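Undergrad: Just a sequence and a predicted model for now, questions to come.
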Amino acid sequence: MLEAALTAIQNLFTCPCTLGIIPTPLVMLVAGVLMGLVLGALPGLGGLVGLAILLPFTFNMDPYSAFAIMIGVTAVVSTSDTIPAVLFGVPGTAASQATILDGYPMAKNGEAGRAFGAAYTASLLGGLTGAVILGVSIPILRPAVAFFGSPEFFMLGLLGISMVAVLAGRKPIKGLVAGMLGLLIGMVGSDDSTGIIRFTFGHIYLIDRVSLVPVALGIFAIPEVADLIIKGTTIADVPKGAMKGVGTGIRDAFRNWFLVVRTGALGVWIGAIPGLGASVVDWFAYGHAIQTEKGASQTFTKGDVRGVIAPESANNAREGGSLIPTVAFGVPGSSSMALLLGGFIIQGVQPGPNMLEENLDLTYTLVWSLALANVFATGFSLILTNQLAKLTQVRITLIAPIIIAVVFLAAFQTTRDLGDLLVLMTFAILGWNMKRFGWPRPPLILGLVLSAILEKRLSISVDRYGWEWL
């Protein structure tokens, strides 16, 4: 176990090298962190968009570089999404909703810098907590996974879809329908068990199943960009002196270290439950802080720094937790982990027992990448907050053409077939209408990712046990 952990860190710091001197996996990690910080600072975009765009570009990367850049993006979006939450009262992503309750009042009270210092430090400590718990859980999971057969993996997959569907909003039936639609789309093409061709309507392109990349780009990226284009303005104005009082906020986070640890552990626990994820983790942490912190009921929502620390610690720790079911059982802990699971498939890596046995060094590479990403993100955020905040002043019509061009290029890179672009546009229309009419989109992606896995596990379970496995 220790040997695998040491080998993993060597994988990040040894060649192949960029420019002959800098290890490529480390370069990819830093690039992913910077990309994640930019996406988090722009409301309406986020880690899902970044991962969807990155996915096809990982085809020609080695596994360590591919997973480093993907972990870099997904691990730090919850750090920079604090910027619009504090400065403008607009959540950068779903994970920063609760941060607004005290962060925005702090900014209006002239304490934006203090809120940033506290948030970044809490994010760092929370992210490290998630990485540590992930690393410690691996020795426990290795023997536990051996007791899971096809029936257990099938039921875990159903749990992941049903949890994210039920918690998708006030109308859980919409989430369930979206998840089932994803499963149905995943059944298009050749049946792995029988070789029967299904639902292709005579199109050769569909025989190899619908590709995840153009679907994800269509469902998430294009609708978000289109929504921003329709608004047609800059996102917000940036108040002056955004960084004043950062040191005070950093000290606040360390003074409330026990709150950071508690909410970080809570974030890991919530992240490890498939389907919960970013939409609720900050509210759980915020509610826990109100219930347990002295005088919180009188001061929270009025600019209490503890109301910033609690959700920011939890939402960064969540990524470590969501990696646990993704790596150990092949069940995505969140919608971003569903795309990471797609990265595993692209690299030919099978999550589950193989990740904890044959690819243990790769598993620990994810742990080290997660820890280092949070360290880099905190440093960059403290240095670049003013610059990242100014991104929101750029008129969306200036950057939208670049984003759309990258999206089309990324989709076409999947198989370099015209069908990729047709799938992209089809699901862009579907994604836009789902967003417009309040239908949750993550269950659809989870259903698509898990479809082949669920079908295979169900087939094996029935062939091996009949219906007794139920």
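TA: On my side now, so go ahead.

Undergrad: Give me the residue ranges of the stretch 301-450 of the chain where confidence is low.
TA: Applying pLDDT under 70 to the stretch 301-450 of the chain flags the ranges 333-335, 385-394, 396, 410, 413-414, 442.

Undergrad: Closest to the mean position in the chain, which residue would that be?
TA: Closest residue to the average C-alpha location of the chain: Ser336 at 3.3 Å, with C-alpha atoms, centre = their mean.

Undergrad: nearest residue to Ala338 other than its sequence neighbours?
TA: Pro332 (3.9 Å; C-beta to C-beta, 6 or more residues apart in numbering). Every C-beta, even on glycine, is put in place using the N, C-alpha and C of the backbone.

Undergrad: Count the residues that sit near that neighbour.
TA: Close neighbours of Pro332, defined as other C-beta atoms under 10 Å, add up to 30.

Undergrad: three-state assignment of it?
TA: Classification of Pro332 by DSSP: H, G, I helix; E, B strand; the rest coil places it in coil.

Undergrad: can you pull the contacts of it?
TA: Pro332 sits next to 160, 274, 322, 325-326, 338, 340-341, 446, 449-450 when contact means C-beta atoms under 8 Å, 6 or more residues apart in numbering.

Undergrad: State the distance from it to Ser461.
TA: Here Pro332 is placed at a distance of 20 Å from Ser461 (C-beta to C-beta, to the nearest Å).

Undergrad: got it, and Glu152?
TA: From Glu152 to Ser461 the distance is 9 Å (C-beta to C-beta).

Undergrad: what packs against the helix or strand where Gly287 lies?
TA: Using DSSP states H and E, the element containing Gly287 is helix 278-292. Contact here means 3 or more C-beta pairs under 8 Å, 6 or more residues apart in numbering; DSSP states H and E; on that basis helix 278-292 packs against helix 257-272, helix 296-299, helix 306-329.

Undergrad: Put together TSV for those, with mean neighbour count and distance to Trp467 on each row.
TA: TSV is the format used below for these (neighbours: other C-beta atoms under 10 Å; distance: least, C-beta to C-beta, whole Å):
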stretch	mean neighbour count	distance to Trp467
helix 257-272	23	30
helix 296-299	14	52
helix 306-329	32	23
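
Undergrad: Can you lay out these as a markdown table showing distance to Pro223?
TA: Shown next, in a markdown table, are the helices and strands packed on helix 278-292 (distance: least, C-beta to C-beta, whole Å):
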| stretch | distance to Pro223 |
| --- | --- |
| helix 257-272 | 25 |
| helix 296-299 | 38 |
| helix 306-329 | 23 |
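
Undergrad: Now Ile345: closest residue in space that isn't a chain neighbour?
TA: That would be Leu212: by C-beta to C-beta, 6+ apart, it lies 7.8 Å from Ile345.

Undergrad: How many neighbouring residues does the one you found have?
TA: Counted with other C-beta under 10 Å, Leu212 comes out at 23.

Undergrad: pretty sure it contacts Val449?
TA: Yes: counting by C-beta atoms under 8 Å, Val449 is a contact partner of Leu212 at 6.5 Å.

Undergrad: what residues do those two have in common as contacts?
TA: Common neighbours of Leu212 and Val449 (C-beta under 8 Å, 6+ apart) are 339, 342.

Undergrad: And Glu152 and Ser461? Which one has more around it.
TA: The neighbour count for Glu152 versus Ser461, taken as other C-beta under 10 Å, is higher for Ser461 (21 against 15).

Undergrad: The more buried one falls within a helix, correct?
TA: Yes: counting by three-state DSSP, Ser461 falls inside a helix.

Undergrad: show me the contacts for it.
TA: Ser461 touches 149-151, 154, 469, counting by C-beta under 8 Å, 6+ apart.

Undergrad: Pull the most distant pair out of the residues you listed.
TA: Gly149 and Phe154 (9.2 Å; C-beta to C-beta).

Undergrad: out of the two, which sits in the more crowded spot?
TA: The neighbour comparison of Gly149 against Phe154 (other C-beta under 10 Å) goes to Phe154, with 22 against 14.

Undergrad: The more buried one reaches Arg457, doesn't it?
TA: Yes: because the distance of 3.9 Å satisfies C-beta under 8 Å, Phe154 is recorded as touching Arg457.

Undergrad: Look up how far Leu341 lies from the residue nearest to Ala338.
TA: 5 Å.

Undergrad: Ok, Ala98 next?
TA: Distance, Ala98 to Leu341, using C-beta to C-beta: 27 Å.

Undergrad: Counting neighbours, go ahead and name the busier of the two.
TA: Ala98 (26 against 23).

Undergrad: Is the more buried one in contact with Ile290, as I believe?
TA: No: with contact defined as C-beta under 8 Å, Ala98 does not reach Ile290; the gap is 10.3 Å.

Undergrad: Spit out the residues that contact Pro332 and Leu341 alike.
TA: 326, 449.

Undergrad: contacting residues around Trp439?
TA: Per C-beta under 8 Å, 6+ apart, neighbours of Trp439: 174, 177-178, 433.

Undergrad: what about it, which SS state?
TA: Trp439 - assigned by three-state DSSP - is coil.

Undergrad: Count residues in the vicinity of Ala452, would you?
TA: 17.

Undergrad: Kindly apply the preceding question to Ile173 instead.
TA: Ile173, neighbours per other C-beta under 10 Å, totals 11.

Undergrad: quick one: what helix or strand has it in it?
TA: helix 172-186.

Undergrad: got a list of contacts for the very next helix or strand once past that helix?
TA: For helix 172-186, the succeeding helix or strand toward the C-terminus, using DSSP H and E, is strand 189-190. Here strand 189-190 makes contact (C-beta under 8 Å, 6+ apart) with 196-200, 206-210.

Undergrad: give me that answer again for 10 Å
TA: The list of residues contacting strand 189-190 from outside it, by C-beta atoms under 10 Å, 6 or more residues apart in numbering, reads 196-200, 203, 205-210, 452.

Undergrad: what angle sits between the lengthiest helix in the chain and helix 278-292?
TA: When the chain is parsed with DSSP state H, its longest helix is helix 112-145. Relative orientation of helix 112-145 and helix 278-292, computed by axes from the mean of the first three to the mean of the last three C-alpha atoms, to 10 degrees: 110 degrees.

Undergrad: and the angle from helix 112-145 to helix 306-329?
TA: Using the same axes, to 10 degrees: helix 112-145 against helix 306-329 is 20 degrees.

Undergrad: Just the buried positions in helix 112-145, please.
TA: Neighbour-count burial for helix 112-145 flags 112-135, 137-138, 141-142, 145 (criterion: 16 or more other C-beta atoms under 10 Å).

Undergrad: Mind checking the pLDDT average for that helix?
TA: In this model, helix 112-145 has a mean pLDDT of 80.
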